[in-house]
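Engineer: quick one, fold the following:
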Amino acid sequence: MKNIESKPLPNYSVHPGWLQLLEKNIRQYDLSYNRYLLSKAHNGGANALLDVRDVRQILLEMFKESHDPLFAIKASQWVTPLTFDSYTLTLWTAPDVRTLIEDACKFSIALGTPLRTFFHETAYGDIAIWFTNNDKSSEESQVSYVGVTLYIATLISIIQQASDYCVHEMEIHLISWPYSKEVLPLFERYLNCKIILNSPIRKLCIKRRYLFTPLPTNNPEIYHTNRALLHQHVAQLESSDIVLQIYKVLDRLPSLANISSDTIVKEMMTSIRTLNRRLAEVNTSYRGVIEKYKLEKALHLLSKRNANMSEIAFKLGFSDLSTFSRAFKRWTGSCPSQLRDDKIKN
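Structural biologist: Okay, the predicted model is just below:
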């Protein structure tokens, strides 16, 4: 088992390709390059990882100065096959839309570790990409929601460009709407997606009928070569990601009923002090990681056919169903039975 004490790669980081998108967007709004990007651009080379807090702050300041609620969406339109190196090149050269989406989720850590992306297939063959945030706070701030908007819009732009705009009827499900209600139709028009609010989790939904659409840019040789490079790069990032290491320990447990930090540090061959320090470095805590894990696991289990809520409550370490229901409502604003019933109706 690998010892966690080995020197980690930067965890709270994003790919420098995000700054490339913002740099290109500057020209549209006559913003100052020197003010926003000169100190960050090309710092450490093309493969350098940047602190996500710096990039979010730059994005927020640009967003405010532009006076355009669509600033992040317009920045996403600048994405190209080379923006995120082997990540975007792999997606662009994939054989079909489904493979593109699977790889986008599987290797999403290459873009930035704070936002986690999950591939989910419904009983009817539709696809949902789930987005969860590893930030400590459960409250949405302006700096985080503008960043999430850019992330989701960029993924949509990649799907649309790579498929030659052949994917329609996409839906974005959001927990809440952080912008003014007046601009919601404008967002839908620019993204070519329907936006649905009051969802327990952010997700992008794609209909089954579009998943096997061949990509006009498919190139098997480039795809397999770059995917192998991407797989190697992501494995290195994952080996140093403290949150993913904890998740892997939790995945091996039959129930979280007796989970404790002592169990985690024993499995990871580290100390509680080191674990807390590593978690603080990525702006989270042991309790925060456990809460996020339980939420993600609950959503995954509830999405399955014939989901048994009592079994789910046990697996997640709750003493009874009512305790689980109260926790789930605190996390999402909805009861778990409501989510399950919605899946049955849909």
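Engineer: quick one: average pLDDT of the helix or strand harbouring Asp262?
Structural biologist: With secondary structure defined by DSSP states H and E, Asp262 is part of helix 261-268. Predicted confidence along helix 261-268 averages 91 (mean pLDDT).
Engineer: got it, and stretch 301-316?
Structural biologist: 84.
Engineer: contact partners of the helix holding Asp262?
Structural biologist: If you take CB atoms under 8 Å, 6 or more residues apart in numbering as the criterion, helix 261-268 is touched by 1, 4, 245-246, 249, 252-253, 271-272, 274-275, 286. For every residue, glycine as well, the C-beta is placed using N, CA and C.
Engineer: same question for stretch 165-173.
Structural biologist: The contact list for stretch 165-173, computed with CB under 8 Å, 6+ apart, reads 97, 152, 156, 159-160, 191-197, 199, 201-207, 210, 213.
Engineer: cool, and stretch 218-230?
Structural biologist: Contacts for stretch 218-230 (CB under 8 Å, 6+ apart): 86-87, 89-90, 93-96, 103, 107, 110.
Engineer: pull the most distant pair out of these.
Structural biologist: Asp96 and Ala110 (20.8 Å; CB to CB).
Engineer: which one of the contacts of stretch 218-230 has the most neighbours?
Structural biologist: Counting by other CB atoms under 10 Å, Thr90 has the largest number of neighbours within those, with 28 neighbours.
Engineer: that residue: helix or strand, and which one exactly?
Structural biologist: helix 86-92.
Engineer: state the mean pLDDT of stretch 203-210.
Structural biologist: 96.
Engineer: do the same with stretch 219-233
Structural biologist: The average pLDDT within stretch 219-233 is 96.
Engineer: and it, what's buried?
Structural biologist: 223, 226-227, 230, 233 (16 or more other CB atoms under 10 Å).
Engineer: least confident secondary structure element in the chain?
Structural biologist: When the helices and strands of the chain are scored by mean pLDDT, DSSP states H and E, helix 336-345 comes last with a mean of 62.
Engineer: pLDDT below threshold where in this protein?
Structural biologist: Within the chain, the stretches with pLDDT under 70 are 1-12, 37-49, 113, 134-143, 339-346.
Engineer: go again with 80.
Structural biologist: Across the chain, the ranges flagged by pLDDT under 80 are 1-13, 32-53, 112-116, 123, 133-144, 200, 282-283, 303-307, 332-334, 337-346.
Engineer: which parts of it are strands?
Structural biologist: Counting by DSSP state E, the segments of the chain that form strands are 13-14, 50-51, 115-121, 127-133, 170-173, 193-196, 202-206.
Engineer: which strands or helices does the third one pack on?
Structural biologist: By that I understand strand 115-121. Judged by 3 or more CB pairs under 8 Å, 6 or more residues apart in numbering; DSSP states H and E, the packing partners of strand 115-121 are helix 97-106, strand 127-133, helix 142-162, helix 286-302.
Engineer: how about the first one?
Structural biologist: Taking 3+ CB pairs under 8 Å, 6+ apart as contact, the helices and strands that strand 13-14 lies on are strand 50-51, helix 52-66.
Engineer: how about the longest one as PDB, C-alpha atoms only?
Structural biologist: By that I understand helix 52-66. Taking Å, rounded to 0.1, in the frame of the first residue of the first chain, the C-alpha atoms of helix 52-66 are listed here in PDB:
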ATOM      1  CA  VAL A  52      -7.900  27.300  -8.400                       C
ATOM      2  CA  ARG A  53      -8.500  30.100  -5.900                       C
ATOM      3  CA  ASP A  54      -6.400  32.500  -8.000                       C
ATOM      4  CA  VAL A  55      -8.100  31.500 -11.200                       C
ATOM      5  CA  ARG A  56     -11.600  31.900  -9.600                       C
ATOM      6  CA  GLN A  57     -10.700  35.300  -8.300                       C
ATOM      7  CA  ILE A  58      -9.500  36.400 -11.700                       C
ATOM      8  CA  LEU A  59     -12.700  35.100 -13.300                       C
ATOM      9  CA  LEU A  60     -14.900  36.800 -10.700                       C
ATOM     10  CA  GLU A  61     -13.200  40.200 -11.200                       C
ATOM     11  CA  MET A  62     -13.500  39.900 -15.000                       C
ATOM     12  CA  PHE A  63     -17.100  38.900 -14.600                       C
ATOM     13  CA  LYS A  64     -17.900  41.900 -12.500                       C
ATOM     14  CA  GLU A  65     -16.000  44.400 -14.700                       C
ATOM     15  CA  SER A  66     -17.600  43.000 -17.900                       C
END
